[in-house]
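>>> Attaching a predicted model along with its sequence, questions to come.
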Amino acid sequence: MSAVLMPVVERLIPEFEKLKKRMPPNFESTLVLPCLRRVQDERGYVADEDIVALTKYLGVPRMQIEQVLSYYTMFRRKPIGRWHLQACRNVTCSMRGSERLIDALGRKLGVRPGQTTADGRFTLSEVECLGSCGTAPVVMVNEAYHENLSIEKLDELLGRLS
Ligand code: FES
């Protein structure tokens, strides 16, 4: 008999119930953000079936979930590579050479921002301020910040990512 994989939201419901208990009644809509974060942690992105399941579970309109997903750039709607490189292109990083870094990253990986390498290892994204302007330019790799980056440091960084 083959094992049937339980849908992500269904699997997370015991965890969501604990969150719910900390909220006053009828405040389910405030759970949209933490629930989406957990779904993304589990799946790597938020799939359409997760949105449908959350609208039913939380009793919120789909539009409310879509608004949260489109407002916060941390949320992804499709699978990404093993390493997600998010390069800041905002003012301070730009003044400190982020365009050159992003161009170099694109050339080295053979992708443009928004794309994933054919082997599924790297996804390159351009993002707005990562909140670390004092150490610009900054590239985030998954959850880790890499600061004061140069082309040379970029080579070292890519070499360390397996
Ligand atoms: S402008 Fe790049 S971290 Fe703020």
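Yep, that arrived.

>>> Can you tell me the SS state at residue 140?
strand (DSSP: H, G, I helix; E, B strand; the rest coil).

>>> Please identify which helix or strand holds residue 103.
For residue 103, the element it lies in under DSSP states H and E is helix 98-109.

>>> Quick check: buried residues in the longest helix seen in the chain?
For the chain, the helix that runs over the most residues, judged by DSSP state H, is helix 8-21. Residues of helix 8-21 classed as buried: 8, 9, 12, 16, 20 (neighbour count, 16 or more other C-beta atoms under 10 Å). Where C-beta positions appear, they are placed from N, C-alpha and C, glycine not excepted.

>>> gap between the third one and residue 21?
Relative to residue 21, residue 12 is positioned 15 Å away (criterion: C-beta to C-beta, to the nearest Å).

>>> And the first one, by the same measure?
As judged by C-beta to C-beta, residue 8 and residue 21 stand 21 Å apart.

>>> Check residue 73 too.
Separation of residue 73 from residue 21 (C-beta to C-beta) stands at 30 Å.

>>> got it, and residue 43?
When distances are taken as C-beta to C-beta, residue 43 and residue 21 turn out to be 24 Å apart.

>>> Please identify the helix or strand for residue 53.
Residue 53 belongs to helix 48-58, assigned by DSSP H and E.

>>> Now do that helix: which elements does it pack against?
Packing partners of helix 48-58 (3 or more C-beta pairs under 8 Å, 6 or more residues apart in numbering; DSSP states H and E): helix 8-21, helix 32-43, helix 62-71.

>>> nearest to the ligand, of those helices?
Comparing the helices and strands packed on helix 48-58 against the ligand with C-beta to the nearest ligand atom, the closest turns out to be helix 62-71 (18.6 Å).

>>> Pull the residues that contact that closest one.
29, 32, 33, 36, 46, 51, 52, 54, 55, 75, 77 (C-beta atoms under 8 Å, 6 or more residues apart in numbering).

>>> In TSV: those residues, plus distance to the ligand.
Listed next are the contacts of helix 62-71 as TSV, based on distance: C-beta to the nearest ligand atom, whole Å:
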residue	distance to the ligand
29	31
32	27
33	22
36	24
46	25
51	30
52	35
54	31
55	34
75	19
77	24
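
>>> tell me the pLDDT at residue 1?
pLDDT recorded at residue 1 is 44.

>>> Specify the residue ranges that define each domain of this structure.
Per the record's domain assignment (automatic domain parsing), the chain is made up of the domains 8-71, 83-160.

>>> Going by secondary structure, residue 81 is in what exactly?
According to DSSP H and E, residue 81 maps onto no helix or strand at all.
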